[in-house]
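Asker: Quick check, what structure comes out for this input:
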Amino acid sequence: MRLQQEFNNAIRLANYSLATERSYWGWIRQFLYFHNMRHPAEMGGTEISQFLSHLVLNKNVAVNTQKQALSALVFLYKQVLKFDEIDISSWHTTKKAKKLPVVFSKQEANQVIAHLTGSPLLAALLMYGAGLRLQEALCLRVKDIDFGRKEITVREGKGNKDRITMLHQKALNTGIVFVHLPNALAKKYP
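Answerer: Just a heads-up that it's a prediction; the model follows:
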């Protein structure tokens with residue numbers, strides 16, 4: 001349990017998101033189980049290479065998944081255990097062909113949106129029309145919306161960065177934004 005506490009202190013001090021903290025700890029836990037709960041200070045680059053190869057050969061993970069596991073282990077060794085250098089030389093990477101992402105056409109997106117009402121409709125309009133990620137849409141606050149300029153300020157988005165995006169006209173036209181905002185704001189912007 002001491003290692004987990006040291007990890008939690010280090011990652012919070014580095015100001016990583018809670019989702020990254022949970023994900024990294026999950027990879028570290030899998031790494032420890034893979035090596036029969038040996039303390040990571042007793043292991044090094046060879047064991048990391050073995051684990052990363054295991055992920056590809058036995059678990060059939062994607063390239064980005066393997067990179068995330070590597071990032072978690074590098075964080076553990078450099079930030080928590082304070083190792084200066086880790087020699088991670090030979091490990092297998094996945095050789096899957098890159099595929100183009102499958103996305104909705106404009107018509108398909110409109111068909112899905114047409115079947116939504118209430119809060120799900122608002123979230124879909126914000127994600128599709130303003131380019132918000134799901135977590136950004138769910139964490140949106142009233143003070144982040146500027147109706148006059150038709151802008152949304154996304155605070156602490158991906159990479160803990162703020163950005164400004166447009167407020168989609170369709171969201172304004174439906175009037176649904178006003179239904180889900182506090183009454184004081186709805187009265188202010190009829």
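
Asker: can you count the residues close to residue 125?
Answerer: The number of residues packed near residue 125 is 24, by other C-beta atoms under 10 Å. Yep, even glycine has a C-beta here, placed from its N, CA and C like the rest.

Asker: Residue 55 now?
Answerer: Taking other C-beta under 10 Å as the criterion, the count of residues near residue 55 is 23.

Asker: from what I can see it touches residue 67, true?
Answerer: No. In this structure, residue 55 sits apart from residue 67 without contact. The criterion is C-beta atoms under 8 Å, and the distance is 10.4 Å.

Asker: next one: stretch 132-139 to chain centre, how far?
Answerer: Put simply, stretch 132-139 sits 11 Å off its chain's centre (C-alpha atoms, centre = their mean, to the nearest Å).

Asker: Kindly report the same for stretch 117-126.
Answerer: For stretch 117-126, the distance between its averaged C-alpha position and the chain's averaged C-alpha position is 21 Å (C-alpha atoms, centre = their mean).

Asker: Give me the distance between residue 40 and residue 76.
Answerer: Using C-beta to C-beta, to the nearest Å, we find residue 40 at a distance of 6 Å from residue 76.

Asker: same thing with residue 19?
Answerer: Using C-beta to C-beta, which is the criterion applied here, residue 19 is 17 Å from residue 76.

Asker: Looking at those two, which one has more neighbours?
Answerer: residue 76 (25 against 9).

Asker: okay, and for this protein, where does confidence drop off?
Answerer: Confidence mapping of the chain against pLDDT under 70 gives the ranges 1, 87, 89-98, 171-190.

Asker: Next, the buried residues of the helix of greatest length in it.
Answerer: Scanning the chain for the helix with the most residues, using DSSP state H, yields helix 18-34. Across helix 18-34, burial judged by 16 or more other C-beta atoms under 10 Å covers 20, 21, 23, 24, 25, 27, 28, 30, 31, 32.

Asker: Return the set of buried residues in stretch 33-49.
Answerer: Buried residues in stretch 33-49, defined by neighbour count with 16+ other C-beta under 10 Å: 35, 40, 43, 45, 47, 48, 49.

Asker: of all these, which comes closest to residue 121?
Answerer: Each of the buried residues of stretch 33-49 was checked against residue 121 using C-beta to C-beta; the closest is residue 48, at 46.4 Å.
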